[in-house]
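Colleague: coordinates only, sequence not included:
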């Protein structure tokens, strides 16, 4: 009996002793620009969200593998909104830190007031309103606490604002007052251009300073956030430099590998180093998973790799050239009750109580146009705003997290006028989307498929077919560079509206920007006022990438 009770207690804690196996990405889908901090045995992670709301999700883990979203830094419209911002503008590269009982999040609002800091006593929030830092001119600010001093370090302009070549940037710092939340003293330049100015390095960014032994290390990305992305390291005996680069930089890149290799992981960089539960160092960084060339629809994702220290320098992914889809480590796994974020998975999101905090709005959360209840699920008002504008349409999105997978929903809606449409988007940007929806034409309810059109600043009808049922199910299937659009008038009896639609149209390579694709529940009255509503009972998601099925 005693042994049984011990076994039950062991299982209840969620601890699994022995070797843990990481599956990359650890945060699949549009989770770019990761920053991580350790507080005791707890880890906290944040990511960029650009013009989506809520802004900057906060995740918690005990093992660097199992991550649970516990909040969002920007979850109140009174803190910040992103009206007028295109999807890939808004918030760039947050950084999270902890010091003497306070959590700090620094970030850049790229087209508004620039850099700011927010604080909270609890990582899940509530977080403060932003405190703006006008002297910090640039992007990607992060904090470093060094005993009785603190510093803010960031990417900034070339010296005297006179770049020697395109992409010429600097890394700079101010001393920082963590109580008054303001900079102190004069700005100091730490890095000019990058590791070697004579080679014209571009976009030195995403800097983090940390101390190990007697050395201060400056870890930063270089080469831009696409296929030439890399991570470099420099060190100094003082926080304010001078910093000397590692002679074998970069310490992480995939740019020299064969781009036609099977199941590539590319564009690696924007890393932050952290000590794991085993006392060893790990790198948390962004990368992408293209399905052909540089085409990827899932956005920049969060990955992990081990770090080895060699002659006082950290080397990321030291034992292989290619970043791996899995790594093992010798410490315990601590599982969490939370939606999965890595590997293949399937789950349903319901709308009877409250919205899952991972779901995304465009630019703000206006609770006046939707409601939740057990009988109908999510009911949205059809708004005049469209997903092609720069306002807040009736749009609620969930990240596409797999190259191969699907999202589906059940919707009850009857259009009164042809301008009224409700259904599902697969959405990458204002004009790079597909929209399967229900509407009305010549007095007949129809299912339609539209494609965004940047040239006309509108959308083009691809196909339509009549339907009779008031309640429909919609499904969008992704298969790397192809998408299928299906509907059902009876539950589960799927009919293809259009299959093998060009998915490269949704890739970052085609659309530009920094975000990934979202499946979104969406309704619009296309510029006109209406009282019509649409109700969505649930949102199902399933990921089925081949790489995770291999033994």
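Modeller: Arrived safely, thanks for sending. As the structure is a prediction and not an experimental result, all values here were calculated from the model.
Colleague: Let's see the pLDDT reported for the closest residue in space to residue 68 that isn't next to it in sequence.
Modeller: Residue nearest to residue 68 in three dimensions, not counting chain neighbours: residue 338, with 3.6 Å by Cβ to Cβ, 6 or more residues apart in numbering. Bear in mind the C-beta positions are built from the backbone N, C-alpha and C, glycine included. Residue 338 carries a pLDDT value of 95.
Colleague: neighbours around residue 338, how many?
Modeller: With neighbours defined by other Cβ atoms under 10 Å, the count for residue 338 comes to 15.
Colleague: do the one 5 residues further on as well
Modeller: For residue 343, the count of nearby residues is 18 (other Cβ under 10 Å).
Colleague: Identify the residues contacting the host helix or strand of residue 116?
Modeller: Under the criterion of DSSP states H and E, residue 116 resides in strand 114-120. Residues from elsewhere that reach strand 114-120, judged by Cβ atoms under 8 Å, 6 or more residues apart in numbering: 73-74, 79, 102-109, 126-134, 136-139, 141, 143, 154, 181.
Colleague: Among the residues you listed, name the buried ones.
Modeller: 73-74, 79, 103-109, 127-128, 130, 132-133, 136, 138-139, 141, 143, 154, 181 (16 or more other Cβ atoms under 10 Å).
Colleague: So which of the residues you listed belong to strands?
Modeller: Taking DSSP state E, the ones among these that sit in strands are 73-74, 103-109, 132, 139, 141, 143, 154.
Colleague: May I have the residues that are in contact with the closest residue in space to residue 524 that isn't next to it in sequence?
Modeller: Spatial nearest neighbour of residue 524, excluding adjacent residues (Cβ to Cβ, 6+ apart): residue 386 at 5.0 Å. By Cβ under 8 Å, 6+ apart, the residues touching residue 386 are 393, 524, 526, 527.
Colleague: let's see it at 7 Å
Modeller: Applying Cβ atoms under 7 Å, 6 or more residues apart in numbering to residue 386 gives the contacts 393, 524, 526.
Colleague: quick check, it in a helix?
Modeller: No: assigned with DSSP: H, G, I helix; E, B strand; the rest coil, residue 386 falls outside any helix and is coil.
Colleague: Outside of the helix or strand where residue 96 lies itself, list whatever touches it.
Modeller: Assigned by DSSP H and E, residue 96 belongs to strand 91-99. Contacting residues not belonging to strand 91-99 are listed as 33, 35, 37, 39, 44, 46, 48-50, 55-56, 103-110, 139-143, 145, 178, 206 [Cβ under 7 Å, 6+ apart].
Colleague: Same question for stretch 532-544.
Modeller: 344-351, 376-382, 398, 401-402, 404-413, 416, 420, 422, 521, 523, 525.
Colleague: how about 6 Å then?
Modeller: Here stretch 532-544 makes contact (Cβ atoms under 6 Å, 6 or more residues apart in numbering) with 344-346, 348-350, 376-382, 401-402, 404-413, 416, 420, 422, 521, 523.
Colleague: next one: stretch 289-300
Modeller: Here stretch 289-300 has contacts from 29-30, 32, 227, 286, 288, 400, 403, 480-481, 504, 506-507, 509, 515-517, using Cβ under 6 Å, 6+ apart.
Colleague: Could you give me the buried positions within it?
Modeller: Neighbour-count burial for stretch 289-300 [16+ other Cβ under 10 Å]: 289, 290, 291, 294, 295, 296, 297, 298, 299, 300.
Colleague: Which of those residues sits closest to residue 266?
Modeller: Nearest to residue 266 among the buried residues of stretch 289-300: residue 290, at 6.0 Å, using Cβ to Cβ.
Colleague: three-state assignment of the closest one?
Modeller: Applying three-state DSSP: residue 290 is coil.
Colleague: how about the ones in strands among the buried ones among the contacts of strand 114-120 in JSON lines, adding distance to residue 268 and pLDDT?
Modeller: JSON lines is the format used below for those (distance: Cβ to Cβ, whole Å; pLDDT from 0 to 100):
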{"residue": "73", "distance to residue 268": "25", "pLDDT": "98"}
{"residue": "74", "distance to residue 268": "27", "pLDDT": "98"}
{"residue": "103", "distance to residue 268": "27", "pLDDT": "98"}
{"residue": "104", "distance to residue 268": "26", "pLDDT": "98"}
{"residue": "105", "distance to residue 268": "24", "pLDDT": "98"}
{"residue": "106", "distance to residue 268": "23", "pLDDT": "98"}
{"residue": "107", "distance to residue 268": "22", "pLDDT": "98"}
{"residue": "108", "distance to residue 268": "22", "pLDDT": "98"}
{"residue": "109", "distance to residue 268": "26", "pLDDT": "98"}
{"residue": "132", "distance to residue 268": "32", "pLDDT": "98"}
{"residue": "139", "distance to residue 268": "20", "pLDDT": "97"}
{"residue": "141", "distance to residue 268": "22", "pLDDT": "98"}
{"residue": "143", "distance to residue 268": "24", "pLDDT": "98"}
{"residue": "154", "distance to residue 268": "22", "pLDDT": "98"}
